[in-house]
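Trainee: attaching a predicted model along with its sequence, questions to come.
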Amino acid sequence: MTDEAGTATAGERSAGLPGTGLRVLHVTNMWPVDGSFRGIFVREQVDALRAAGVDVEVEVVAQARGRRDYLLAAPRIRRLVRDGGYDLVHVHHGMTALATRFAGPVPRVLNLYGHDINWHWQRWITRLGWGGVADKVYVSRRMAVAAGDPDGEVIPNGVDFDLFTPIDRAGARAGLRIAPDEKVILFGGVPENWVKGHDVFTDVLNALTARGMPVRELVLAAPGQSRADVAPKFAAADLLLFTSRRGYEGSPTVVKEASVIGLPVVTTDVGDVADVLAGVTPSAVAPWGTTRDELVDGLTQRAFEVLTDGRRSNGREVNAWLDWAVIARQVIAHYRRVLTSSR
């Protein structure tokens with residue numbers, strides 16, 4: 001196993017856990033290292049599966065080794081599968097699939113996330129790699145439809161309900177030096193990432209100020225930030241404004257985390273946000289409109305309404321189904337169906 005992923009320790013298996021008796025190799029090109037949150041949802045899924053009794057080991061492809069490893073990893077993974085006694089290989093992201101295509105007779109499950117389906121060149125590589133997989137899993141129904149597999153298996157990424165739990169807002173604001181009466185809007189990404197639409201975010205903030213509602217921007221991402229530093233930002237903010245561009249997101253984690261901690265969300269209509277925010281109030285999904293100005297106006301109006309409302313959302317109760325403990329049971333049930341059909 002790689003230094004990035006670490007070596008899994010199976011330990012003693014508890015008879016009452018749903019994953020007991022399953023041994024699975026996860027192969028991923030996304031894994032958080034050195035304070036990065038890249039692939040944090042893969043790490044959290046692995047942790048949840050281990051907690052549910054699955055014996056999981058992880059192999060990281062590319063990342064520190066560079067893109068050539070998508071091809072060079074194939075013999076390494078074949079050896080791991082041959083010697084590891086795995087029941088199944090769980091492949092994360094379509095770009096990784098090619099490295100596992102010749103892994104041997106063990107069934108492969110391919111988890112698809114967004115770029116691997118929505119970006120033309122990544123879609124091409126994904127299709128090269130998914131030949132022979134036992135099944136594909138999508139993080140949203142919209143993704144399954146985009147992949148030409150509308151009835152495909154959909155299992156969203158989950159949320160760590162222990163980490164993202166409502167905490168004292170006054171204390172969180174004091175820790176971030178935010179005045180009690182300031183209106184704070186959270187940007188849930190890296191501003192330099194074009195996909196996240198920081199230009200649209202800025203235009204909405206300017207429009208709110210022009211309407212007599214001055215607001216302050218708070219950026220979620222920060223260099224060297226620990227996972228524990230994230231929750232206070234959700235608690236301190238009045239609104240998550242998610243402005244990602246169309247055609248790139250699969251199942252944006254930040255929207256789910258905000259909802260679960262009770263932070264209202266206003267978002268563009270990307271990925272599975274409409275499903276996540278169904279029944280969540282106050283929160284809103286803005287239509288794209290036919291022009292950029294219409295999009296900004298729609299986001300501004302909904303943000304104004306949510307900020308005027310001032311309540312925290314009911315997202316934690318509505319989205320209890322996103323708890324990683326619940327999602328892990330779905331993944332395990334899917335594993336068992338795949339193994340049954342592969343016999």
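Mentor: Perfect, I can see it now. Since the structure is predicted, the reported quantities are computational estimates derived from the model, not experimental observations. Numbering: from 1, shown residues only.

Trainee: low-confidence stretches in the stretch 151-300 of the chain?
Mentor: Judged by pLDDT under 70, the stretch 151-300 of the chain has no weakly predicted residues.

Trainee: can you pull the domain assignment for this protein?
Mentor: 23-158+323-342, 169-320 (automatic domain parsing).

Trainee: among these, which is nearest Leu17?
Mentor: Nearest of the domains of the chain to Leu17, taken as CB to CB: domain 23-158+323-342 at 2.9 Å. In this view, the C-beta of every residue, glycine as well, is placed from N, C-alpha and C.

Trainee: for Leu110, grab phi and psi.
Mentor: When quoted as degrees, to the nearest 10, the phi and psi of Leu110 stand at phi -110, psi 120.

Trainee: re earlier: just put the domains of the chain in CSV and tack on distance to Leu17.
Mentor: Below are the domains of the chain laid out as CSV (distance: least, CB to CB, whole Å):
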stretch, distance to Leu17
domain 23-158+323-342, 3
domain 169-320, 20
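
Trainee: tell me which element Ile178 falls in.
Mentor: When elements are assigned from DSSP states H and E, Ile178 belongs to no helix and no strand.

Trainee: now it: how far from Arg311?
Mentor: 18 Å (CB to CB, to the nearest Å).

Trainee: quick one: which of these two has more around it?
Mentor: Ile178 (20 against 10; other CB atoms under 10 Å).

Trainee: residues touching the more buried one, list them.
Mentor: 184, 216, 218, 236 (CB atoms under 8 Å, 6 or more residues apart in numbering).

Trainee: most neighbours, which of those?
Mentor: Ala236 (23 neighbours).

Trainee: close enough to count as contact, Ala51 and Ile327?
Mentor: No - Ala51 is not in contact with Ile327 according to CB atoms under 8 Å; the separation is 11.6 Å.

Trainee: between these two, who's got more neighbours?
Mentor: More crowded of Ala51 and Ile327, by other CB under 10 Å: Ile327, with 22 against 13.

Trainee: and the contacts of Ile178, which is closest to Val91?
Mentor: For the contacts of Ile178, the nearest to Val91 is Leu218 (35.8 Å; CB to CB).

Trainee: and the closest one, what is it in contact with?
Mentor: With contact set as CB under 8 Å, 6+ apart, Leu218 has these partners: 176, 178, 184-187, 233, 236-237.

Trainee: give me that answer again for 10 Å
Mentor: 176, 178, 182, 184-188, 233-234, 236-238, 240 (CB atoms under 10 Å, 6 or more residues apart in numbering).

Trainee: go through the residues you listed and flag which are in helices.
Mentor: Judged by DSSP state H, the subset of the contacts of Leu218 located in helices is 233-234, 236.

Trainee: all strands for the stretch 1-150 of the chain, in order.
Mentor: With strands called from DSSP state E, counting those that start in this stretch, the stretch 1-150 of the chain shows them at 23-28, 55-60, 88-92, 108-112, 135-138.

Trainee: tell me which of the ones you listed lies nearest to Asp199.
Mentor: strand 108-112 (28.2 Å).

Trainee: quick one: that closest one to strand 23-28, angle?
Mentor: Counting by axes from the mean of the first three to the mean of the last three CA atoms, to 10 degrees, strand 108-112 lies at 40 degrees to strand 23-28.

Trainee: direction included, what does strand 108-112 pair against?
Mentor: Strand pairing for strand 108-112, determined by DSSP bridges: strand 88-92 (parallel), strand 135-138 (parallel).

Trainee: tell me which residues in the shortest one are buried?
Mentor: In other words, strand 135-138. Neighbour-count burial for strand 135-138, counted by 16 or more other CB atoms under 10 Å, picks out 135-138.

Trainee: from those residues, pick the one nearest Pro282.
Mentor: Tyr138 (28.9 Å).

Trainee: burial of the residue nearest to that closest one when sequence neighbours are not counted, as a residue count?
Mentor: With sequence-adjacent residues excluded and distances taken as CB to CB, 6 or more residues apart in numbering, Tyr138 is closest to Ala144, at 4.2 Å. Neighbour count of Ala144, defined by other CB under 10 Å: 20.

Trainee: and Ala144, what does it touch?
Mentor: 112, 117, 136-138, 150-154.

Trainee: check what pLDDT Trp121 gets.
Mentor: Looking at Trp121, its pLDDT is 60.

Trainee: any idea how far Arg65 is from His93?
Mentor: 15 Å.

Trainee: Thr308 too?
Mentor: Taken as CB to CB, the span from Thr308 to His93 is 40 Å.

Trainee: who's more crowded, the two?
Mentor: Neighbours per residue, other CB under 10 Å: of Thr308 and His93, the larger number sits with His93, 24 against 10.
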